[in-house]
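K.L.:
the sequence isn't on hand, but the structure is:
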């Protein structure tokens, strides 16, 4: 696999504030990296440095083999970038705006016309092509920004919060588009929506206070959850106490939690120690005692809980947890 | 070169996509007419020249050019399109030049639309048209100087009103710098050559000699180097601001 994006020890200081503090990453063709982090974590700043908008205080970025600082024009040619908030010239129409971007990008003649046509079709902009951008809805504005980013069919795509402010259908469309383009490109998307990581990303990076705190697949991220491989059962509430007590003795179980009863039913969650498989022993115990169980399933993990624990203990953790 | 042209076209069309262009042109034409015929006593002087027309250009530009230049970069910064523009494969130089030339071309159009004044004077008498041509040329270069100042200032702020006011004050200072009141202020304590230098920055002095028909290369060089200086400062301003 070829590395399309290579980030080495990237740093950015604003006065005494350290926005990005030694981030190193490589992204290969075919990968979609989800950039996660709380607001102000340094996601956007990192993206601004990758795309050559901001000069880093230290470190370097190489895109498609071009050093962003040394050969900015060559690097920028390979990048499609959707900045945060999808800025566009409000007084222009999507048609004239895309035409402008195509001209700047050096697309010409037949090729230019066909690229604009393809992108307009793919992004579904046909209906609003002649309307000024400032009068468009948020969803359409975002699509115009997206269209602009993919117009030249770039090898590297950097999308800063591409689904922010979109309705669930639009989010689904954008994710489908990203997935469709993924095999031929290296894509970075930033988001604070965790479900997005599961939906489109092949890798996730968590950044907080400018530091890279986790880098791995979404499955590895889920595995860090205390709920990873936990077993949930729904039982009659009068039996719940005895069942919970019995379950806590199963080997590999860290603890057993009970939710407040609801309509005569109570949910019990059996948390596994270090993500061990406890489903089989729990199932065996249920059979053995002949308990009446309405639901029985395995949790894959709570991403938001992992996210919270990683980003809030950032100060103590400090170092990168490479998986 | 092509990319500069693309930037130029987008920017230039941008003026006409909003009422800015029409408002500016109408007010510019109205005010030049007012100054020429009433305050400048065009008829009463009984001379076939456009001196009363050109005489007020520095003052008109001082007020109107910042209104054109204020949006050049402030708007890009405010709407976030600066980030879009600066991540396209285009150099900062190309962007600054393209936008500046668009604004300059626009003022050239406004200036060209004053042609009825020229027709009038030719109808009423036999003016020396080479002097008038020199006046137009000088006026255009002076407009370029004011625009370069305004463009640089608008790169420093995302607020168009702030850009307007600061550009206005700087343009005012450049107009006034040859006046006795300014010169006297410096003469009291500054060494003579400083006073000399400040005086030589006056737009009025350089413009006056051109509009009298004396096209001195030094006056042209003054305006060209002034434009170059402010546009270079413009580039530095964008470079510095986008890292914040």
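P.N.:
That came through fine. From a predicted model like this one, the values you see are computed outputs, not experimental measurements.

K.L.:
closest residue of chain A to chain B?
P.N.:
residue A:87 (3.4 Å; C-beta to the nearest C-beta). To be clear about C-beta, it is placed using only N, CA and C from the backbone, and glycine gets the same treatment.

K.L.:
in three-state terms, label that residue for me.
P.N.:
coil (DSSP: H, G, I helix; E, B strand; the rest coil).

K.L.:
excluding sequence neighbours, find me the nearest residue to it.
P.N.:
The spatially closest residue to residue A:87, leaving aside those adjacent along the chain, is residue B:80, at 3.4 Å (C-beta to C-beta, 6 or more residues apart in numbering or on different chains).

K.L.:
what about residue 152, how many neighbours?
P.N.:
Chain wasn't specified; assuming chain A. Per other C-beta atoms under 10 Å in any protein chain shown, the neighbour tally for residue A:152 reads 22.

K.L.:
nope, chain B please
P.N.:
Around residue B:152 there are 28 residues (other C-beta under 10 Å).

K.L.:
how near is it to chain A?
P.N.:
20 Å (C-beta to the nearest C-beta, to the nearest Å).

K.L.:
distance between the ends of stretch A:88-107?
P.N.:
One end of stretch A:88-107 to the other measures 19 Å (C-alpha to C-alpha, to the nearest Å).

K.L.:
next, the buried residues of that stretch.
P.N.:
Within stretch A:88-107, the residues that count as buried by 16 or more other C-beta atoms under 10 Å in any protein chain shown are A:88-94, A:96-105, A:107.

K.L.:
so which of these are in helices?
P.N.:
Among those, DSSP state H puts A:94, A:96-104 in helices.

K.L.:
filter those residues by proximity to chain B?
P.N.:
Restricting those to those within reach of chain B (C-beta under 8 Å from any C-beta of the partner chain) leaves A:96, A:100-101, A:103-104.

K.L.:
contact partners of stretch A:281-294?
P.N.:
A:231, A:233-236, A:239, A:243, A:246-247, A:250-252, A:265, A:270, A:296 (C-beta atoms under 8 Å, 6 or more residues apart in numbering or on different chains).

K.L.:
do the same with stretch A:116-130
P.N.:
Here stretch A:116-130 makes contact (C-beta under 8 Å, 6+ apart) with A:93-95, A:98-99, A:102, A:136, A:140, A:143-144, A:146-147, A:150-151, A:173, A:177.

K.L.:
one more time with 10 Å
P.N.:
With contact meaning C-beta atoms under 10 Å, 6 or more residues apart in numbering or on different chains, stretch A:116-130 is reached by A:93-99, A:101-102, A:107, A:131, A:135-137, A:140-153, A:170, A:173-174, A:177, A:180-181.

K.L.:
ok now that stretch, how far from the chain's centre?
P.N.:
How far stretch A:116-130 lies from its chain's middle: 26 Å, per C-alpha atoms, centre = their mean, to the nearest Å.

K.L.:
residues of that stretch that come out buried?
P.N.:
A:116, A:119-120, A:123, A:125, A:128.

K.L.:
can I get those in a markdown table including pLDDT?
P.N.:
Formatted as a markdown table, the buried residues of stretch A:116-130 follow (pLDDT from 0 to 100):
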| residue | pLDDT |
| --- | --- |
| A:116 | 96 |
| A:119 | 94 |
| A:120 | 95 |
| A:123 | 89 |
| A:125 | 90 |
| A:128 | 93 |
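
K.L.:
among these, which lie within helices?
P.N.:
In this view, the buried residues of stretch A:116-130 that belong to helices under DSSP H are A:116, A:119-120, A:123.

K.L.:
and of these, the nearest to residue A:221?
P.N.:
Closest approach to residue A:221 among those (C-beta to C-beta): residue A:123, at 29.9 Å.

K.L.:
pick out the residue nearest the middle of chain B.
P.N.:
residue B:143 (2.4 Å; C-alpha atoms, centre = their mean).

K.L.:
A helix includes that residue, no?
P.N.:
Yes. Secondary structure of residue B:143 (three-state DSSP): part of a helix.

K.L.:
list the contacts of it.
P.N.:
B:57-58, B:60-61, B:64-65, B:68, B:103-104, B:106-108, B:110-111, B:223.

K.L.:
for residue A:87, see how far away it is.
P.N.:
30 Å (C-beta to C-beta, to the nearest Å).

K.L.:
over to residue B:39?
P.N.:
45 Å.

K.L.:
neighbour-wise, which of the two wins?
P.N.:
residue A:87 (22 against 12).

K.L.:
quick one, phi/psi of the more buried one?
P.N.:
Dihedral pair for residue A:87: phi -70, psi 140, per degrees, to the nearest 10.

K.L.:
that one contacts residue B:84, doesn't it?
P.N.:
Yes. Residue A:87 lies in contact with residue B:84 (C-beta atoms under 10 Å); the separation is 5.3 Å.

K.L.:
who touches both of the two?
P.N.:
By C-beta under 10 Å, 6+ apart, the residues touching both residue A:87 and residue B:84 are A:145, A:148, B:76.

K.L.:
tell me the residues of the stretch 101-250 of chain A that contact chain B?
P.N.:
Applying C-beta under 10 Å from any C-beta of the partner chain, we find that the stretch 101-250 of chain A lies next to chain B at A:101-106, A:108, A:132, A:134, A:145, A:148-149, A:152, A:158, A:160.

K.L.:
residue A:50: which of those residues is nearest?
P.N.:
residue A:158 (5.9 Å).

K.L.:
how many neighbouring residues does the closest one have?
P.N.:
The number of residues near residue A:158, taken as other C-beta under 10 Å, comes to 27.

K.L.:
packing partners for the one helix or strand it maps to?
P.N.:
With secondary structure defined by DSSP states H and E, residue A:158 is part of strand A:156-160. The contact analysis (3 or more C-beta pairs under 10 Å, 6 or more residues apart in numbering or on different chains; DSSP states H and E) places strand A:156-160 against strand A:3-14, strand A:32-36, helix A:43-50, helix A:72-78, strand A:79-82, helix A:138-150, helix A:168-181, strand A:186-191.

K.L.:
residue ranges with poor pLDDT in the chain?
P.N.:
In the absence of a named chain, this looks at chain A. Where chain A drops to pLDDT under 70, the residues are A:1, A:313-323.

K.L.:
meant chain B, my bad for not saying
P.N.:
B:1, B:244.

K.L.:
which parts of chain B sit against chain A?
P.N.:
Residues of chain B lying near chain A (C-beta under 10 Å from any C-beta): B:2-3, B:5-7, B:9-11, B:13-18, B:20, B:75-76, B:78-92, B:94-95, B:239, B:242-244.

K.L.:
could you pull out the helices for the stretch 201-323 of chain A?
P.N.:
Secondary structure of the stretch 201-323 of chain A by DSSP state H, counting those that start in this stretch: the helices cover A:218-223, A:237-247, A:279-289, A:303-312, A:314-317.

K.L.:
adding mean neighbour count, write the ones you listed out as JSON lines.
P.N.:
Below are those laid out as JSON lines (neighbours: other C-beta atoms under 10 Å in any protein chain shown):
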{"stretch": "helix A:218-223", "mean neighbour count": "20"}
{"stretch": "helix A:237-247", "mean neighbour count": "16"}
{"stretch": "helix A:279-289", "mean neighbour count": "15"}
{"stretch": "helix A:303-312", "mean neighbour count": "17"}
{"stretch": "helix A:314-317", "mean neighbour count": "12"}
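
K.L.:
need the contact list for the one residue in chain B that gets nearest to chain A.
P.N.:
Closest approach of chain B to chain A (C-beta to the nearest C-beta) occurs at residue B:80, with a separation of 3.4 Å. Residues in contact with residue B:80 (C-beta under 10 Å, 6+ apart) are A:83-88, B:158.

K.L.:
number of nearby residues for residue A:204?
P.N.:
Quick note: residue A:204 (other C-beta under 10 Å) scores 28 neighbours.

K.L.:
try the one 3 residues further on
P.N.:
Using other C-beta under 10 Å, the number of residues around residue A:207 comes to 27.
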